[in-house]
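Q: Fold the stuff below for me.
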Amino acid sequence: MKFLKKFMFRRATLVTLAILMQLAFLVWIVLEFQYFIYFYIFSLTISGIVVLGIINSENKYIYKIAWIIPILIFPIFGGIFYVFFGLNPLSRKMKKDLDMINLDTKKTLMKETDILNELPPQARIQSNYLYHNAFMPLYKNTDVEYLHNGEVTFKRLVEELEKAEKYIFLEYFIIKQGYMWNRILEILIRKAKAGVDCRVIYDDFGCLLNLPHNYHKYLEKYGIKCAIFNPIIPILAKRHNTRNHRKIAVIDGKVAFTGGINIGDEYINKYSRYGYWKDTAIMLKGEAVWSFTVMFLTMWCYITKTKEEYEQYKANPSYDKGEGYVQPFNDNPIDNENVGEIVYLNLINKATKSIYITTPYLIIDSEMLTALTSAAKAGLDVRIITPHIPDKWYVHIVTQSYYKILLKSGVKIYEYKPGFIHAKMMMVDDEYGVIGTINMDFRSLYLHFECGVWLYQTSCIKDMTRDFLDTLEKSEMITLDYFKGKWLKQLIAMVFRIFAPLL
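A: Take a look at the predicted model:
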């Protein structure tokens with residue numbers, strides 16, 4: 001184990017050093033030739049063109065500001081840096097290949113249904129958006145169980161994995177070697193030997209320090225198929241900014257899991273890293289599992305450059321226990337359609353009583369900020385829980401920089417005292433809910449592959465709300481007095497917030 005950790009650290013170090021060397025070389029070229037009149041004029045011209053391009057782009061204004069300011073401060077190489085890191089992180093070829101995900105999803109899932117007509121107008125508008133823009137249908141006949149922490153989620157996942165007869169599909173941003181993964185891996189090895197189709201997708205960036213290089217070959221020795229999303233190469237490349245942040249488990253097309261929980265011991269509190277790790281997930285049984293099956297398979301086909309007959313994996317469960325309506329959805333940086341953000345905004349803007357949110361990061365644009373403050377000013381009960389013990393101090397400083405304006409408008413802010421809250425949930429009016437992998441930050445909303453579940457009048461919404469209120473009891477309510485005497489911290493936060501979209 002020590003050897004593997006040393007090997008993984010060495011790989012991460014080598015990749016980092018290689019990229020830093022390229023970065024240093026780029027800076028050296030700029031500094032070496034900055035007084036050479038032609039290079040100077042060329043650099044200023046590039047920066048000027050880049051600024052004009054940013055101003056006229058369709059990006060959020062706060063994202064524009066985050067790039068324009070450093071370009072104006074460092075005009076010699078600011079424009080060149082933007083060309084490397086600020087443009088769409090997907091190359092033309094990568095975007096073309098990824099377009100197949102949307103095309104296959106649309107072709108497979110967009111079937112005529114009368115369920116949408118059963119919803120009242122406000123709910124129908126939200127569901128209709130997901131159907132036409134994420135190509136994800138609405139379902140009934142689905143039982144939904146809310147899982148209030150990692151320990152319960154792990155227990156349920158193991159129970160369902162043990163029942164697998166046909167296939168197990170796992171897709172996670174992070175897989176860490178340890179108790180949790182070893183237990184799951186033992187089941188996968190045993191099931192694969194028995195003829196079950198076991199497949200694993202993991203994000204190479206998310207696993208850089210957690211799995212050995214070429215770990216997929218180790219899994220394949222045991223009959224477990226494996227695909228790596230966006231393998232890291234030691235070269236400056238825009239694509240490193242795009243990650244697969246989804247967490248999906250599908251068993252036999254009958255059961256699916258998603259939520260904030262990756263595969264790692266801190267998620268089930270076998271290992272304490274930032275105090276108690278508070279996370280949540282959801283388990284689906286029934287018709288809605290089909291959408292998660294297609295999500296996984298379209299990603300698998302993209303990575304492996306293969307084709308699948310998706311329908312052969314459809315379970316067609318005759319399950320009528322579920323209450324309410326369930327709509328799984330995914331979000332991606334391919335189509336410039338910010339599905340996750342619009343789902344959140346739709347819920348906030350149509351709330352009439354209460355809005356409850358948990359998020360590990362609160363780095364939001366003007367539209368989200370206006371929606372939350374307007375709801376609070378209108379008298380709605382708006383409450384947000386963020387961590388008290390952060391996993392990234394600089395991101396937490398930016399999160400706290402939004403507190404003042406939210407508090408002044410009447411939004412109630414709480415920090416979870418026992419540790420780090422990683423749950424991504426929203427509950428509105430005791431009728432609507434969203435749970436999944438989408439943080440309220442720029443990376444999740446604009447750069448990453450994400451997924452979630454939109455819920456309407458399901459029984460688990462009450463469980464989510466009850467857990468939220470229980471979590472409030474363990475949280476510290478933040479007031480405006482919190483900022484007294486903290487002028488230096490506020491100054492740092494103001495500077496960091498300028499670059500919030502880049503964090």
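Q: quick one, strands of the stretch 201-350 of the chain?
A: Here the stretch 201-350 of the chain has its strands, by DSSP state E, counting those that start in this stretch, at 225-229, 247-251, 255-259, 276-278, 281-286, 325-331.
Q: beta partners for Ile282?
A: Ile282 forms beta bridges with Tyr146, Thr258, as assigned by DSSP bridges.
Q: Can you give me the separation between it and Tyr344?
A: Distance, Ile282 to Tyr344, by CB to CB, to the nearest Å: 17 Å. For every residue, glycine as well, the C-beta is placed using N, CA and C.
Q: avg pLDDT for the helix or strand containing Ile385?
A: In the assignment (DSSP states H and E), Ile385 maps to strand 381-387. The average pLDDT for strand 381-387 rounds to 98.
Q: Turn the strands of the stretch 201-350 of the chain into CSV, including mean pLDDT, distance to Glu118 and mean neighbour count.
A: Shown next, in CSV, are these (pLDDT from 0 to 100; distance: least, CB to CB, whole Å; neighbours: other CB atoms under 10 Å):
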stretch, mean pLDDT, distance to Glu118, mean neighbour count
strand 225-229, 96, 37, 19
strand 247-251, 98, 26, 26
strand 255-259, 97, 23, 26
strand 276-278, 97, 35, 24
strand 281-286, 96, 16, 24
strand 325-331, 95, 8, 26
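Q: Including distance to Gly53, could those strands go into CSV?
A: What follows is the strands of the stretch 201-350 of the chain, written out as CSV (distance: least, CB to CB, whole Å):
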stretch, distance to Gly53
strand 225-229, 29
strand 247-251, 35
strand 255-259, 37
strand 276-278, 42
strand 281-286, 41
strand 325-331, 25
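Q: Of those strands, which is nearest Tyr302?
A: When the strands of the stretch 201-350 of the chain are compared by CB to CB, strand 225-229 sits nearest Tyr302, at 8.7 Å.
Q: For the closest one, which outside residues touch it?
A: With contact meaning CB atoms under 8 Å, 6 or more residues apart in numbering, strand 225-229 is reached by 197-204, 215-216, 219-220, 243-244, 299-300, 303-304, 449.
Q: Hmm, Leu188 is touching Ala249, no?
A: No: using CB atoms under 8 Å as the test, Leu188 is too far from Ala249 to be in contact (11.3 Å).
Q: Residues that sit against both of the two, list them.
A: 161, 168, 170.
Q: wait, the first one sits on Lys191?
A: What that stands for is Leu161. Yes: counting by CB under 8 Å, Lys191 is a contact partner of Leu161 at 7.4 Å.
Q: Which helix or which strand is home to Cys198?
A: Using DSSP H and E, Cys198 maps to strand 197-203.
Q: Neighbouring strands - and their directions - for that strand?
A: Paired strands of strand 197-203, with direction, are strand 167-172 (parallel), strand 225-229 (parallel) (DSSP bridges).
Q: So which of these is nearest Tyr325?
A: Set against Tyr325 and scored by CB to CB, these come closest in strand 167-172, at 24.2 Å.
Q: just how off-centre is the helix or strand that that closest one is followed by within its chain?
A: Once the chain leaves strand 167-172, the next helix or strand it forms, by DSSP H and E, is helix 179-193. Chain-centre distance of helix 179-193: 25 Å, with CA atoms, centre = their mean, to the nearest Å.
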